[in-house]
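*Asks:* Pasting the sequence and the predicted model now:
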Amino acid sequence: MKYGIKKVVLDHIKANARVKGIYIDTIDGHSEHLHCLISLNPDQALSDVMRLMKGESSYWINKNHITKHKFSWAVEYFAVSISDSHVPRVRSYIRNQEEHHRLKSWEEEYDEYINKYGFERFSG
């Protein structure tokens with residue numbers, strides 16, 4: 001995502017999340033993905049939060065012609081819980097996505113997560 005487009009989209013996602021009672025602590029990403037540090041309320045299911053965020057933002061991006069082509073998020077997503085002691089490190093990681101991906105591509109990072117955590121590849 002180009003920086004100008006990325007900022008507009010991230011600002012919209014944050015504003016929409018606030019309206020829906022979704023607390024996004026930190027959000028950032030690179031050209032083909034986003035990372036979010038989210039705090040869930042006891043009555044919020046992660047799948048519902050992701051559906052609301054991804055569905056509304058892709059609708060908004062397309063309705064406002066933010067991208068040249070029809071936009072859609074990938075179906076899959078990764079989610080992990082972290083302890084309070086890891087929050088500062090995760091915030092830093094999320095905020096430094098541009099620098100991080102100068103050193104490691106999304107594909108390399110994706111492969112690392114798959115292998116490290118024993119996930120199966122999503123086959124669509």
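*Replies:* Good, I have the coordinates.

*Asks:* only C-alpha atoms for contact and neighbour calcs from this point on.
*Replies:* Will do.

*Asks:* State whether Leu34 and Asp28 are indeed in contact, as I suppose.
*Replies:* Yes: under the criterion of Cα atoms under 8 Å, Leu34 is in contact with Asp28, at a separation of 5.6 Å.

*Asks:* Lowest-scoring secondary structure element of this structure by mean pLDDT?
*Replies:* Evaluated with mean pLDDT, DSSP states H and E, the helix-and-strand set of the chain has its lowest mean pLDDT in helix 97-103, which scores a mean of 82.

*Asks:* Show me the contact partners of it.
*Replies:* Asp28, Gly29, His30, Tyr93 (Cα atoms under 8 Å, 6 or more residues apart in numbering).

*Asks:* sorry, back to before: between Leu34 and Asp28, tell me which one has more neighbours.
*Replies:* Summary of the neighbour comparison: Leu34 and Asp28, criterion other Cα atoms under 10 Å, with Asp28 having more neighbours (19 against 16).
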